[in-house]
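> okay, predicted coordinates and the sequence, questions at the end:
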Amino acid sequence: MENNRRVVKEIIIILLLILLLIFGALSQPSGPKTVVDGGKGGRDVSSDDPDTSTDATIVEDAIEKSNSAPEENKAIVETVTHSSWFNNGVYEVFGVVENVGNITARQVTARVIFKGDNWKRLGEIQTLVDNPTLVPGTRSDFKVIYTGSDAAQAKTYVLIFEVVR
């Protein structure tokens, strides 16, 4: 009987997560989602002309320098997951960041640069993650809310994490 209840609870949780994913996908602003971040050293830029963004170039250079740096200077936080949605004039970016280094990351800050058509910079918001001190192996949620008058024009965003070692 107890096993059946646990299975039912797990199924309900999975269904709720699926609904959340579907709702989030339907709430996305139109256009491609472009993200540049330091997570896993990767860069995903969905643009016809990848050279249209100084921000993307800056982040790409930082990732390259981090990957070739001595171990003590490498990036210590990575994006585990992130997503966004637009609703009632508010553009929200949220997700999870993890300390993958071997030292404590302090004052972990999420900085999001919001972009419109042709990578036009609309605005930038910077805030501490929910748990701004991350010991190695720990994670924290983050949420950045953009309420600028042009939030509805945001098509993409650049996500950058900054830490104090």
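Now that the structure is in, tell me what you want to look at.
> those strands in this protein, which residues are they?
Using DSSP state E, the strands assigned to the chain run over residues 35-36, 43-44, 77-87, 90-99, 106-115, 121-128, 139-146, 156-164.
> where does the protein have low pLDDT?
By pLDDT under 70, the low-scoring segments of the chain are 1-3, 7-8, 15-75.
> on that earlier part again, single out the most deeply packed of the strands of the chain.
Counting by mean count of other Cβ atoms under 10 Å, strand 35-36 has the highest mean neighbour count of the strands of the chain, with a mean of 24. Where C-beta positions appear, they are placed from N, C-alpha and C, glycine not excepted.
> which residues touch A151?
86, 89-91, 114, 122-123 (Cβ atoms under 8 Å, 6 or more residues apart in numbering).
> could I get the residues you listed in JSON lines, plus columns for distance to A151?
Formatted as JSON lines, the contacts of A151 follow (distance: Cβ to Cβ, whole Å):
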{"residue": "F86", "distance to A151": "7"}
{"residue": "G89", "distance to A151": "6"}
{"residue": "V90", "distance to A151": "6"}
{"residue": "Y91", "distance to A151": "4"}
{"residue": "F114", "distance to A151": "7"}
{"residue": "L122", "distance to A151": "8"}
{"residue": "G123", "distance to A151": "8"}
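> ok, those residues vs L159, which is closest?
Checking the contacts of A151 against L159 by Cβ to Cβ gives F114 as the nearest, at 10.5 Å.
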